[in-house]
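Asks: Sequence first, predicted model second:
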Amino acid sequence: MTDLPFHEQVREPLEAILVAVREELVAHRAKDYPNEAVGIITADGTTYPLINQARSPKRFEVSEQLVTEAIAQLKVRKRHPVAVYHSHPESSSDPSKRDENMMAEMPQATFVIVGQDGIAAWMWDEQLRFILKIPLKDI
Ligand SMILES: [Zn+2]
């Protein structure tokens, strides 16, 4: 592999996947509006919508049981999860304080946020101890 930092290594494949799911993400954001929409993005360029049990415009919540079921379903369908997405119905695609805390707890996960200004991808950098925006083109 290369010496590129991890967020640079994932950038290109992630970009291609996000182009493929872009419309699904925007449609899910609209469908669950005014509440936050949440789901999983898979490597083959599809989405697996989850239920936001918080039913809130400011946050999302998915029980561990639902996540476990979703992962099992994806495994059966041989689909590989690559990112967690959620929408920001009334704000930008920048992570909230709550999102930042969640990212720090899941350092290996990529978070995709569908905001009023478009779609952005974020991840926690364990070395820098900081949240990085994965730079994406044409999304
Ligand atoms: Zn958020």
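Replies: Alright, I've got the coordinates.
Asks: Next, work out how far apart the residue nearest to Tyr33 when sequence neighbours are not counted and the ion are.
Replies: For Tyr33, ignoring the flanking residues on the chain, the nearest one in space by CB to CB, 6 or more residues apart in numbering is Pro89 at 5.3 Å. Heads up, the C-betas are built off the backbone N, CA and C, glycines and all. The spacing between Pro89 and the ion, counted by CB to the ion, to the nearest Å, is 10 Å.
Asks: go on, Ile41?
Replies: Here the distance between Ile41 and the ion works out to 15 Å (CB to the ion).
Asks: Same check on Phe60?
Replies: Taken as CB to the ion, the span from Phe60 to the ion is 7 Å.
Asks: In contact with the residue nearest to Tyr33, which residues?
Replies: Residues in contact with Pro89 (CB atoms under 8 Å, 6 or more residues apart in numbering) are Arg29, Asp32, Tyr33, Pro34, Asn35, Glu36, Pro57.
Asks: mind checking pLDDT for Trp124?
Replies: The model reports Trp124 with a pLDDT of 85.
Asks: For it, pull up the helix or strand it's in.
Replies: When elements are defined using DSSP states H and E, Trp124 is found to belong to strand 118-125.
Asks: Give the partner strands of that strand in its sheet and their orientations.
Replies: Strand 118-125 has the following strand partners under DSSP bridges: strand 110-115 (antiparallel), strand 130-134 (antiparallel).
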